[in-house]
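A.B. asks: Generate a structure from the sequence data that follows.
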Amino acid sequence: MTEVNGIKAPEKLGQVAMTEVNGIKAPEKLEGHFKAMAICWLLGLGSLVAWNSVLTIGDYYGILFPNYHPSRVLTLVYQPFAFISMGILAYKEATVNTRKRILIGYTLFFLGTLMMIVVDVATSGRGGIGPYIGICAMVGVFGVADGHVQGGVIGDLSLMRPEFIQSFFAGLAASGALTSALRLMTRAAFEKYHDGLRKGTMMFLALSTFIEFLCIFLYAIYFSKLPIVKYYRSKAASEGSKTVMADLAAGGIQTQTDIEAIPQRLTTKQLFIQNYDYALGLFLIYALTLSIFPGFLFENTGKHQLGTWYPLVLIAMYNVLDFISRYTPLIPCLKIENRKGLMVAIGLRFLFVPAFYFTAKYADQGWMILLTSILGFTNGHLTVCLMTVAPKGYTGPEQNALGNVLAFCLMCGIFAGVLLDWLWLIGNGKF
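C.D. replies: Predicted coordinates:
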């Protein structure tokens, strides 16, 4: 049971506590706990559904722009914008208005997906350099939006409960699983129709636009008013956090904190040094994953009985297993909390590099599907284990800062993986 200024906060469902922090009662029986988890899941869904839609409709853009390597180039466009914006915001996290940051991010996602529909409609689904540049510009907007949303939400949820972070990361994976499942269904439904692939793509982008609007509404209007959210944000404010002030005001709370009574927090540099292994672990997880997914799976797996369905099935299997594995750390015997154990597990994943190379060269499609599924499972499971363990033992402002640092390291890993993904093209005559 944690305690702040003599105030005990409940840690288990059903535990009653009627104490107060800044005039806010500790939530009775964790009131709003499951509603908060559901919203965190939807926020995770919204923070990646736009980008995952672009990845999943890669076959459409591959036909539209066959000479431009869209599956790799769009990822390469996306990452620098996400990397730079998240890096700047992580450096300034202590003074950034988290509420404004997150709402700007979801608004950019909403406008970006809407404009991708406009570009396709305006050009009647034609290829060419002009529409391609327009698509690339919208993908850059997605990168900026991602830099605003993921670091902001992860930092915000890090000062609350581990289940909220787990739900957010499950939502991230759900976006991939959802888009993959819908892609398979829309392709089957529209395959025999004229312009069927384009119709399915428009459905994807329309759905993404709606989800982004829903996230704006939920975060702006509803999330801040949940009792359990108000409690943890008020608790963080009592420990000196400035990032939660706007959200507390939106929830109807005016905080009055005694500046002299606030304990001095660790600097971002000190937090990074204390958690360098977690930071390195996240970097390695995503550098390895993105060096294989999605570019290698689209362009380097050869031709098989499934034909043009083959890369779609691989992407779907990765996304489904990645989603399922975000829940496996909820089973105590499966959750890895030992720091050395996590690093060993992360290091063993680099065996995927020779495994994918030789499977693509010598094995049939069944082995590749199995290997892709294991890649997705280990990615999700290790991510949630690491992200839920790391913030423990710190104050609210420190947890927010650490969440931003880890989110940035995750983004660095993605960026490195995207660059490494191009190495698969060397020597195959397609570069």
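A.B. asks: what about the strands in the stretch 1-150 of the chain?
C.D. replies: In the stretch 1-150 of the chain, the strands defined using DSSP state E, counting those that start in this stretch lie at 3-4, 7-8, 20-21, 24-25.
A.B. asks: Quick one: list the elements packing against the strand or helix carrying Val353.
C.D. replies: Secondary structure from DSSP states H and E places Val353 in helix 352-362. Under the contact definition 3 or more Cβ pairs under 8 Å, 6 or more residues apart in numbering; DSSP states H and E, helix 352-362 sits against helix 365-389. Where C-beta positions appear, they are placed from N, C-alpha and C, glycine not excepted.
A.B. asks: Which SSE is immediately downstream of the helix it packs on?
C.D. replies: On the C-terminal side of helix 365-389, the nearest following helix or strand under DSSP H and E is helix 396-421.
A.B. asks: Check which helices and strands that next one is in contact with.
C.D. replies: Using 3+ Cβ pairs under 8 Å, 6+ apart: helix 396-421 touches helix 70-91, helix 129-158, helix 227-238, helix 268-274, helix 276-290, helix 365-389.
A.B. asks: Please identify the buried residues of it?
C.D. replies: Within helix 396-421, the residues that qualify as buried by neighbour count (16 or more other Cβ atoms under 10 Å) are 396-418, 420-421.
A.B. asks: Check stretch 101-117 too.
C.D. replies: The neighbour-count criterion (16+ other Cβ under 10 Å) identifies 101-110, 112-117 as the buried residues of stretch 101-117.
A.B. asks: now the residue nearest the centre of the chain: how far from Leu182?
C.D. replies: With distances taken as Cα atoms, centre = their mean, Leu172 lies nearest the centre of the chain, 4.5 Å away. Separation of Leu172 from Leu182 (Cβ to Cβ, to the nearest Å): 17 Å.
A.B. asks: From the chain's centroid, how far away is stretch 150-159?
C.D. replies: 11 Å (Cα atoms, centre = their mean, to the nearest Å).
A.B. asks: now do stretch 66-75
C.D. replies: 22 Å.
A.B. asks: pLDDT value on the nearest residue to Gly196 once chain neighbours are set aside, please?
C.D. replies: The shortest distance from Gly196 to any non-neighbouring residue, by Cβ to Cβ, 6 or more residues apart in numbering, is to Phe190 (3.1 Å). pLDDT, Phe190: 71.
A.B. asks: wait, Phe190 sits on Met202?
C.D. replies: No: Phe190 lies out of contact with Met202 (Cβ atoms under 8 Å); the separation is 10.1 Å.
A.B. asks: how near is the nearest residue to Gln79 once chain neighbours are set aside to Gly380?
C.D. replies: Closest residue to Gln79 apart from its sequence neighbours, by Cβ to Cβ, 6+ apart: Phe415 at 4.4 Å. Computed with Cβ to Cβ, the distance linking Phe415 and Gly380 is 20 Å.
A.B. asks: How about Gly417?
C.D. replies: For Gly417, the distance to Gly380 equals 15 Å [Cβ to Cβ].
A.B. asks: doesn't Phe169 make contact with Gly44?
C.D. replies: Yes: the pair formed by Gly44 and Phe169 meets the contact definition of Cβ under 8 Å, at 6.2 Å.
A.B. asks: now Ser241, what's its secondary structure?
C.D. replies: Look at Ser241: counting by DSSP: H, G, I helix; E, B strand; the rest coil, its state is coil.
A.B. asks: how about the nearest residue to it once chain neighbours are set aside, what does it touch?
C.D. replies: Setting aside the residues directly before and after it, Ser241 is nearest to Pro397 in space (Cβ to Cβ, 6+ apart), at 4.3 Å. By Cβ atoms under 8 Å, 6 or more residues apart in numbering, the contact set of Pro397 is Ala94, Leu159, Ala236, Glu239, Gly240, Ser241, Lys242, Thr243, Arg265.
A.B. asks: same deal with Cys215?
C.D. replies: Leu42, Leu43, Leu45, Gly46, Ser47, Tyr106, Phe109.
A.B. asks: do Glu93 as well
C.D. replies: Contact partners of Glu93, counting by Cβ under 8 Å, 6+ apart, are Gly151, Gly155, Thr243, Thr268, Asn400, Ala401, Asn404.
A.B. asks: min pLDDT across these, which one?
C.D. replies: The member of the contacts of Glu93 with the lowest pLDDT is Thr243, at 84.
A.B. asks: how near is the residue nearest to that one when sequence neighbours are not counted to Ile88?
C.D. replies: Leaving aside its chain neighbours, Thr243 sits nearest to Thr98 (4.4 Å; criterion: Cβ to Cβ, 6+ apart). The spacing between Thr98 and Ile88, counted by Cβ to Cβ, is 15 Å.
A.B. asks: So which of these two has more stuff around it?
C.D. replies: Neighbours were counted for Thr98 and for Ile88 using other Cβ atoms under 10 Å; Thr98 has more, 25 against 14.
A.B. asks: Please tell me how far the more buried one sits from Leu111.
C.D. replies: From Thr98 to Leu111 the distance is 21 Å (Cβ to Cβ).
A.B. asks: Distance to Phe213 for the helices and strands packed on helix 396-421 - can I get that in TSV?
C.D. replies: Shown next, in TSV, are the helices and strands packed on helix 396-421 (distance: least, Cβ to Cβ, whole Å):
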stretch	distance to Phe213
helix 70-91	21
helix 129-158	13
helix 227-238	21
helix 268-274	34
helix 276-290	28
helix 365-389	27
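A.B. asks: Count the residues that sit near the residue nearest to Trp367 when sequence neighbours are not counted.
C.D. replies: Distances taken as Cβ to Cβ, 6+ apart put Thr359 closest to Trp367, at 5.2 Å, once the chain neighbours are dropped. Residues near Thr359, counting by other Cβ under 10 Å, number 20.
A.B. asks: what sits against Thr359?
C.D. replies: Neighbour list for Thr359: Trp367, Met368, Leu371 [criterion: Cβ under 8 Å, 6+ apart].
A.B. asks: which non-adjacent residue is nearest the second one?
C.D. replies: So the one you mean is Met368. Computed as Cβ to Cβ, 6+ apart, the closest residue to Met368 that is not its neighbour in sequence is Thr359, at 5.3 Å.
A.B. asks: Please tell me how far the one you found sits from Phe350.
C.D. replies: 15 Å.
A.B. asks: Could you list the low-pLDDT ranges of the stretch 251-400 of the chain?
C.D. replies: Low-confidence segments of the stretch 251-400 of the chain (pLDDT under 70): 255-263, 294-308.
A.B. asks: Could you report the distance from the residue nearest to Trp367 to Leu370?
C.D. replies: In terms of Cβ to Cβ, Thr359 sits 9 Å off from Leu370.
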